[in-house]
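Chemist: have a look at this prediction, sequence included:
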Amino acid sequence: MAKIELIATAAFGLESIVARELKNLGYDNLIVENGKVTFATDELGICRTNLWLRSSDRVLLKMGSFKARTFEELFQQTKALPWEEWLPEDANFPVQGKSIKSQLFSVSDCQAIVKKAIVERLKESYSTTWFEETGPRYQIEVALLNDIVTLTIDTSGLGLHKRGYRQLAGQAPLKETLAAAMIQLSYWNKDRALIDPFCGTGTIPIEAAFIAQNRAPGLKRNFASEKWSRIPKSLWQEAWQEALDLWKRNVPLHIYGSDIDAAALILARTHAIEAGVEDVIHFQRLPVAEVRSRFKYGHMIANPPYGERLGDVTEIEVLYRELGETFHSLENWSLHMLTTHQFPERLIGRRWDKSRKLYTGRLECHYFQFFGARPPREPFQNAVKETTNSSVPLTTI
């Protein structure tokens, strides 16, 4: 199999997480830039990365990169690339584009020129003058930044946040890719308890279960490149089999989600069933002020409501103070929260230990982390408060 270049795209702030995921998959020599991680692999790598990447938005096949300040340069250098190695004669290849700080600022003109250049290249390769484009989809993008053109083909199809378990959505849903990144940034592991006190439709608990079970997040969906003739079906079967072999279904977990919204909890339970993790997540209707746990050590990972959602700053601040009181009642626990509030420590009652700028859509947020004490090296089952009656649900007093 030939070596190829792929680009794993990422929301700003998540590039290092995507790079860590790629390293864990065995890929080295990564180039980390704003919004993307570039790496070398082969055709099997297209299958594996689409199945396994948790925090990346898409996996793009990099066809080429070059400087172009005129439409003629764009045309000739696009035409020089080996498009026939990937696009069959019946390929459906629409072109989309974007241009930032480049002399070629007309995106529609750039798209048209790239399309024409590819057609001219394919005419020579297939000895034909007409392409019906009735075959598999090859979404091409021409991206210009500071006069540097990068041409890619999207291997994913639907964005990688589309796991296949969330057919329904609640208000202001958190993307699965961002939820997975929040969990990985917390350094939570499967031997500790995890509570999401604003679980909504269940995204954080479900993604935590996937991570704990070492389950490939793309197992329940399809990808555009599955239909590409360049990638044999046997490679997809190999990648799927690897994912199934590495899936640890029977890992004991302590993952909890609570919320005051009954309708959201119905969706959360439905999504957990669709994801196949309903047996390892406990959902409960509960206000944040009443959340408690019998475990000495654990992580609260939360995406609490923002002022942009409720429109009432006073109500938000009351909610955050309640979150802070609950956090302080959970001795030795860590709190990780995503919010647009600039000074949450005033409401939580403690200075944050780490802050990271992240984006939910185009909304700038910060991921504030308040670290608890390090747990001793002891089995998880022993890290339970002796004074707590084990018959009491973990998320209630």
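Modeler: Structure received.

Chemist: tell me which residues in the helix or strand where residue 122 lies are buried?
Modeler: Counting by DSSP states H and E, the element that carries residue 122 is helix 107-126. Neighbour-count burial for helix 107-126 flags 107, 110, 111, 113, 114, 115, 117, 118, 121, 122 (criterion: 16 or more other C-beta atoms under 10 Å). All C-beta atoms are positioned from the backbone trio N, CA, C, and that covers glycine.

Chemist: again with stretch 127-135
Modeler: The neighbour-count check on stretch 127-135 (16+ other C-beta under 10 Å) flags 131, 135 as buried.

Chemist: circling back to that earlier point, who does the helix holding residue 122 touch, helix- and strand-wise?
Modeler: With contacts taken as 3 or more C-beta pairs under 8 Å, 6 or more residues apart in numbering; DSSP states H and E, helix 107-126 sits against helix 71-79, strand 95-100, strand 139-145.

Chemist: repeat that for 10 Å
Modeler: helix 71-79, strand 95-100, strand 139-145, strand 148-154 (3 or more C-beta pairs under 10 Å, 6 or more residues apart in numbering; DSSP states H and E).

Chemist: now those in TSV, with mean neighbour count and distance to residue 231?
Modeler: Output for the helices and strands packed on helix 107-126, formatted as TSV (neighbours: other C-beta atoms under 10 Å; distance: least, C-beta to C-beta, whole Å):
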stretch	mean neighbour count	distance to residue 231
helix 71-79	17	23
strand 95-100	16	21
strand 139-145	21	16
strand 148-154	21	12
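
Chemist: format these as TSV; extra columns: mean pLDDT and distance to residue 47.
Modeler: As requested, the helices and strands packed on helix 107-126 are arranged in TSV below (pLDDT from 0 to 100; distance: least, C-beta to C-beta, whole Å):
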stretch	mean pLDDT	distance to residue 47
helix 71-79	98	27
strand 95-100	97	24
strand 139-145	98	18
strand 148-154	98	15
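
Chemist: looking at the ones you listed, which is closest to residue 173?
Modeler: Residue 173 lies closest to strand 148-154 among the helices and strands packed on helix 107-126, at 22.8 Å (C-beta to C-beta).

Chemist: tell me the secondary structure for residue 331?
Modeler: coil (DSSP: H, G, I helix; E, B strand; the rest coil).

Chemist: nearest residue to it in space, please, no chain neighbours.
Modeler: residue 296 (7.2 Å; C-beta to C-beta, 6 or more residues apart in numbering).

Chemist: confidence score at the one you found?
Modeler: If you check residue 296, the pLDDT there is 94.

Chemist: what about it, how many residues close to it?
Modeler: Residue 296 is flanked by 22 other residues according to other C-beta atoms under 10 Å.

Chemist: ok, it to residue 332 distance?
Modeler: 5 Å (C-beta to C-beta, to the nearest Å).

Chemist: equivalent analysis for residue 370, please.
Modeler: Distance from residue 370 to residue 332, by C-beta to C-beta: 12 Å.

Chemist: any idea which element residue 350 lies in?
Modeler: Per DSSP H and E, there is no helix or strand for residue 350.
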